[in-house]
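Undergrad: How does the following fold in three dimensions:
(one chain, ligands or ions: 1)
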Amino acid sequence: MRPVCRFPGAKVTRMCGIIGYVGPRAAQEVVVSGLRRMEYRGYDSAGVAVVVDGVIEYRKKAGKITNLDAEIVANPMPEATIGIGHTRWATHGGPTDYNAHPHVSDNGRIALIHNGIIENFAGLRAELQAGGVSFRSETDSEVAAQLLGREVAQGTDLADALRAVVNRLKGAFTLVAMDAQEPERLVAARRNSPLVVGVGEGENFVASDVAAFIEFTRNAIELGQDQLVDVTPTSITVTDFAGNPAESHPFEVTWDLSAAEKSGYDWFMRKEIYEQPQAVADTLLGRFNEDGSLKLDELHIPEAELRSIDKIIIVACGTAYYAGMVAKYAIEHWTRIACEVEIASEFRYRDPIITRTTLVVTLSQSGETADTLMAIRHAREQHAKVIAICNTNGATIPRESDAVIYTHAGPEIGVASTKGFLTQVAACYLLGLYLAQVREAKYGDEIAAIMAELASTPPLIQRVLDGLEPIKQLAAKYINQQSVLFLGRHVGYPVALEGALKLKEIAYLHAEGFPAGELKHGPIALVDEGIPVFVVVPPQGRDQLHDKVISNIQEVRARGAFTIVLAEEDDEEVTPYADVIFRLPKVSTLMQPLVATVPLQMFACELASLKGYDVDQPRNLAKSVTVE
Ligand code: M6R
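TA: Next comes the predicted model:
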């Protein structure tokens, strides 16, 4: 059978979930529960394999894990102490039972799971077929299982065999495999795809994500690029692809299982919206001294180098990109260094001007976004310094950067990013103020005053959350709405873009964000009778754009728009032009995104929920996009 690519030419893949277990517990149960904890990554089939009495037993099903559960109930699996499991998002080969992982080699020796894309799979498949190997799937992944099966059948040690296989593969991969003849040993390897080891007592785990094993252990080891790990219940050996001992990085997971569960909320997204005051507070925690000056201990870049920076480029995707747009206003204002913001997938293809004195700042919640990672590699090849702002400890992006500022938001499970956005803005502000401090672009008391305002935002975000009922009621009115517009200026513009993105992602409706001043140059033609237009109004009095935005509201209202206005308390100037008004706490312009984004997130969450959609796992999307 010819390999079929279901999405011809597609280079984008989703982030499969991988888990392996070896130890005294019932392996199949440990593995399936780990898969459930990784459901948020997006998948369309799932499978599990165990080894019992020298034989690999596996079950795999298209669709959700409940289908796999039903299959296991119908065909129970024997008790085992070693197992691997996988949730797959189809790339090469459709989402069918037979394309689901694990893949078992033709000779029955190897069961293997894979995350990523093996770019040279077609040639390898032809080679194996010519040698008499029969394939049972259309996937690129199966070639790795068959190659490994062939190697071990020749008497090669399992880890050496995996080493031989990975050295023949091109592309991105995390591979985990077990051999029917070695029921106490897992081997795994990674290139351009995540893999962490969970360290237990008399048991060990490998997984794409600590969420998969957090129930059993908080001790973990992050694997580096091109590393291989050999795991038994009592040993973990890390080597490079040549077989040399490699340095591994142990860390402790600081969040617990309940943080990864819904705690009574209907959706992870809703829970994460409500976690934002804490997430922002945690991101700011420990980052300033009593005198109000900043300390970013983790930023191991000499101050002399920070002083020599003459350009900043912020690189990110999606919501993180909009956080970067907000940050640009603050960073330029505070540091007087020119700051550009760039979509990561565009960055390296336009030959950007990067020198040794350019600082590249990347924003990524997951730390695994391939477009952002490739941008980092490009920037470092050009000798730029790279600072990652990231939420995921041990992820690839922080590891490949010169320094990292972690946003301590806790796990973000909902595909639509919420606390990721607010904490990225907060962390960018910390960085901007720190640069201003190091370069003496602002006086100490000015920095202390801005820091004090930043530190005062968590209770204000809480106040916004406490008053969201009207926004929820408004959502009920728009169940059949086709199109929604969002307007803002200055930092209100990226907030408008973010409000629109949330609606597109989870409520599947056409939504656009515009700079309000640009309306008259074209987009105002979209305005017709009754169309809802959200407008973010800058703070009154203290902001020169306030009056201009009020004029913009009048322009759309005169053309029939239904105006939903987000304006600060006491702003009565705007009242006559608002069909609905949502009050925001009084903050300065630069702090406004931290409060104004929240009602827009909730509007999208509520509307999608009322429409009966899967808010946490919207169609066609996954939490991390790990291939370009
Ligand atoms: O993990 P990252 O922050 O790098 O992800 C970047 C984007 O893929 C992400 O923000 C995406 O746009 C979200 N689904 C938005 O809600």
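
Undergrad: closest point of this protein to the ligand, which residue?
TA: Gly318 (1.8 Å; C-beta to the nearest ligand atom). Using the backbone N, CA and C atoms, a C-beta is placed for each residue, glycine as well.

Undergrad: Wait, that residue touches Leu501, no?
TA: Yes. Judged on C-beta atoms under 8 Å, Gly318 makes contact with Leu501 at a distance of 6.9 Å.

Undergrad: picking up where we left off before, residue contacts, the residue of the chain closest to the ligand?
TA: 417, 501 (C-beta atoms under 8 Å, 6 or more residues apart in numbering).

Undergrad: So it versus Val341, what's the distance?
TA: 13 Å (C-beta to C-beta, to the nearest Å).

Undergrad: Show me what from the stretch 301-450 of the chain comes close to the ligand.
TA: 317-320, 364-366, 369, 372, 415-417, 420 (C-beta under 6 Å from any ligand atom).

Undergrad: mean confidence score for the host helix or strand of Ile461?
TA: Taking DSSP states H and E as the definition, one finds Ile461 inside helix 457-466. Helix 457-466 carries an average pLDDT of 97.

Undergrad: Might you report the residue contacts of Ser208?
TA: 15-19, 38, 41, 115, 174, 193-196.

Undergrad: Ser364 too?
TA: Applying C-beta under 8 Å, 6+ apart, the residues contacting Ser364 are 316-317, 320, 372, 388-392, 395, 397.

Undergrad: Check the burial of the closest residue to Leu460 other than its chain neighbours by counting its neighbours.
TA: Nearest residue to Leu460 in three dimensions, chain neighbours excluded: Pro585, at 4.2 Å (C-beta to C-beta, 6 or more residues apart in numbering). Pro585 has 20 neighbours, counted by other C-beta atoms under 10 Å.

Undergrad: so what's Pro585 scoring on pLDDT?
TA: Predicted confidence (pLDDT) for Pro585: 97.

Undergrad: From the contacts of Ser364, which land in helices?
TA: Using DSSP state H, the members of the contacts of Ser364 that fall in helices are 320, 372, 397.

Undergrad: Where do the strands of the stretch 51-200 of the chain begin and end?
TA: Using DSSP state E, counting those that start in this stretch, the strands of the stretch 51-200 of the chain run over residues 55-62, 82-88, 103-104, 110-118, 171-179, 186-191, 196-199.

Undergrad: Redo those strands as CSV? Include mean pLDDT, distance to Val537 and mean neighbour count.
TA: Converted to CSV, the strands of the stretch 51-200 of the chain look like this (pLDDT from 0 to 100; distance: least, C-beta to C-beta, whole Å; neighbours: other C-beta atoms under 10 Å):
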stretch, mean pLDDT, distance to Val537, mean neighbour count
strand 55-62, 97, 49, 20
strand 82-88, 96, 44, 30
strand 103-104, 98, 56, 26
strand 110-118, 92, 45, 28
strand 171-179, 93, 45, 25
strand 186-191, 96, 48, 26
strand 196-199, 96, 45, 24
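
Undergrad: quick one, domains of this structure?
TA: 8-253, 271-455, 463-610 (automatic domain parsing).

Undergrad: Point out where the stretch 301-450 of the chain drops to low pLDDT.
TA: Low-confidence segments of the stretch 301-450 of the chain, defined by pLDDT under 70: 394.

Undergrad: Please, where are all the strands along it?
TA: Under the criterion DSSP E, counting those that start in this stretch, the stretch 301-450 of the chain contains strands at 311-316, 338-343, 358-364, 385-390, 403-406.

Undergrad: Neighbouring strands of the last one in the sheet, and parallel or not?
TA: Sheet pairing for strand 403-406, assigned by DSSP bridges, gives strand 385-390 (parallel).

Undergrad: what about the strand it pairs with, distance to the chain center?
TA: Remark: strand 385-390 is offset 15 Å from the chain centroid, using C-alpha atoms, centre = their mean, to the nearest Å.

Undergrad: Could you list the alpha-carbon positions for that strand in PDB?
TA: Listed next in PDB are the C-alpha coordinates belonging to strand 385-390 (Å, rounded to 0.1, in the frame of the first residue of the first chain):
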ATOM      1  CA  LYS A 385      20.900  37.300  22.700                       C
ATOM      2  CA  VAL A 386      17.600  35.600  23.300                       C
ATOM      3  CA  ILE A 387      15.400  35.900  26.400                       C
ATOM      4  CA  ALA A 388      12.500  33.500  26.600                       C
ATOM      5  CA  ILE A 389       9.400  34.300  28.600                       C
ATOM      6  CA  CYS A 390       7.800  31.000  29.100                       C
END
